[in-house]
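K.L.:
Mind folding the following:
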Amino acid sequence: MQTLPIQSPNDASNGSSPDQAAAFETTIHRRKTRPVPVGRVTIGGGHPVVVQSMINEDTMDVDGSVAGIRRLHEIGCEIVRVTVPSMAHAKTLAQIKQKLRETYQEVPLVADVHHNGMKIALEVAKHVDKVRINPGLYVFEKPKSDRNEYTD
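P.N.:
As a prediction, the model looks like this:
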């Protein structure tokens, strides 16, 4: 829910002072959700809002990905998302997670799965703390080009 001003600063017709007129409602109403662990961080269920972001390095670049994850974590990012567009990227996450442990510390990682989702999600779940699936692009298999039946 967006935070909105209680009243306009130009609205002095009610006799309030400019300080009172500039006050903002700061309560944000949150949906009821269940708590979900992401590594050592818990999201939802009334827990505080968690800062998360996504690296922009190619996941196949292990050293670059580890450096990007470290940079985000060091500036306060509590959960880091990593894109996983292929099975090769999914398998590379094992190396990324291991290198983070050896050279820095555990950082809660979320795999962003988009294409050919079932196989990639199952593989990547072995190496990350949570899998995020884009439902609009999550498909089990691409249909074969010689397909002539379109119903189950």
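K.L.:
Run a quick neighbour tally on residue 100.
P.N.:
Neighbourhood size, residue 100 [other CB atoms under 10 Å]: 20. Glycine gets a C-beta too; all of them are placed from N, C-alpha and C.
K.L.:
Let me see the domain layout of this structure.
P.N.:
As assigned by automatic domain parsing, the chain contains the domains 1-30, 33-133.
K.L.:
all strands for this protein, in order.
P.N.:
Taking DSSP state E, the strands of the chain run over residues 36-38, 41-43, 52-54, 79-84, 109-113, 130-133.
K.L.:
Make JSON lines out of the ones you listed and add distance to residue 94, mean neighbour count and mean pLDDT.
P.N.:
Formatted as JSON lines, the strands of the chain follow (distance: least, CB to CB, whole Å; neighbours: other CB atoms under 10 Å; pLDDT from 0 to 100):
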{"stretch": "strand 36-38", "distance to residue 94": "18", "mean neighbour count": "14", "mean pLDDT": "96"}
{"stretch": "strand 41-43", "distance to residue 94": "21", "mean neighbour count": "17", "mean pLDDT": "97"}
{"stretch": "strand 52-54", "distance to residue 94": "19", "mean neighbour count": "17", "mean pLDDT": "97"}
{"stretch": "strand 79-84", "distance to residue 94": "12", "mean neighbour count": "22", "mean pLDDT": "96"}
{"stretch": "strand 109-113", "distance to residue 94": "11", "mean neighbour count": "22", "mean pLDDT": "95"}
{"stretch": "strand 130-133", "distance to residue 94": "14", "mean neighbour count": "18", "mean pLDDT": "92"}
